[in-house]
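Participant: Could you look at this predicted model? Sequence included:
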Amino acid sequence: MGGGQRRKATYADLEAVPPHLVAELVDGELYVSPRPASPHALAQTALHGELYAPFHQGRGGPGGWLLLFEPELHLGEDVLVPDIAGWRRERMPVMPDVVGFTLAPDWVCEVLSPSTAALDREKKMKVYAREGVRHLWLVDPLQQALEVYGLDGGGWEPLGTHTGQALVHAEPFTPLRLQLGLLWRR
């Protein structure tokens with residue numbers, strides 16, 4: 001055995017990370033990121049605000065979703081923290097009282113930051129596909145872009161990229177006419 005093998009990171013390693021940082025375990029590696037900068041935080045908050053009333057609460061929309069900010073997902077040996085995640089109510093009728101969710105969401109949204117974009121686009125997308133997450137959005141506040149993906153046979157199919165001030169109907173929230181400009185407005 002070579003001396004260059006690294007020890008697989010554990011949940012105890014994740015718990016030892018200071019609370020002002022975001023920690024995730026992916027493929028046995030511990031990833032630690034700073035809290036997001038203001039463009040990221042604004043996009044995340046605005047998107048959640050647009051989706052919450054019509055889809056989580058059913059006010060002005062169809063309801064039927066449980067939407068959460070930064071839930072801790074325990075997916076196999078991986079522990080991920082997407083920016084926003086959603087479960088259809090028929091799959092999760094009542095939110096369990098847990099630290100980490102073991103039921104994969106139906107939809108995840110990752111808001112890209114320069115420090116996390118590679119992890120979000122590569123390793124985390126693979127985990128989400130492996131776990132059967134049906135819908136994935138990547139929001140890039142610096143490029144003012146929304147990328148929409150659907151799971152197709154175990155891999156991601158791009159369903160569209162929308163930019164700037166576009167008005168978007170994107171799966172799985174097609175009843176909503178999302179004004180992208182709200183995600184970038186300062």
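Facilitator: That came in fine, so what should we check first? Being a predicted model, the structure only gives us computed values, none of them experimental.

Participant: what about Asp13, which SS state?
Facilitator: Taken by DSSP: H, G, I helix; E, B strand; the rest coil, the conformation at Asp13 corresponds to helix.

Participant: For it, report the pLDDT, please.
Facilitator: Looking at Asp13, its pLDDT is 95.

Participant: Just give the nearest non-adjacent residue to it, would you?
Facilitator: Take Asp13 and drop its neighbours on the chain: the residue closest to it by CB to CB, 6 or more residues apart in numbering is Leu30, 5.1 Å away. Just so you know, the C-beta spots here come from the backbone N, C-alpha and C atoms, and that holds for glycine as well.

Participant: and that neighbour, what does it touch?
Facilitator: Contact analysis of Leu30 by CB atoms under 8 Å, 6 or more residues apart in numbering lists Ala9, Asp13, Leu14, Val17, Ala23, Glu24.

Participant: any idea how far it lies from Ala23?
Facilitator: Going from Leu30 to Ala23 by CB to CB, to the nearest Å gives 6 Å.

Participant: what residues are shared contacts of the two?
Facilitator: By CB under 8 Å, 6+ apart, Leu30 and Ala23 have these common neighbours: Leu14, Val17.

Participant: re the thing from before, backbone phi and psi for the residue nearest to Asp13, please?
Facilitator: When read as degrees, to the nearest 10, the backbone of Leu30 gives phi -90, psi 120.

Participant: pLDDT at it, what is it?
Facilitator: Confidence score, pLDDT, at Leu30: 96.

Participant: Repeat that for Arg7.
Facilitator: Note for Arg7: predicted pLDDT of 86.
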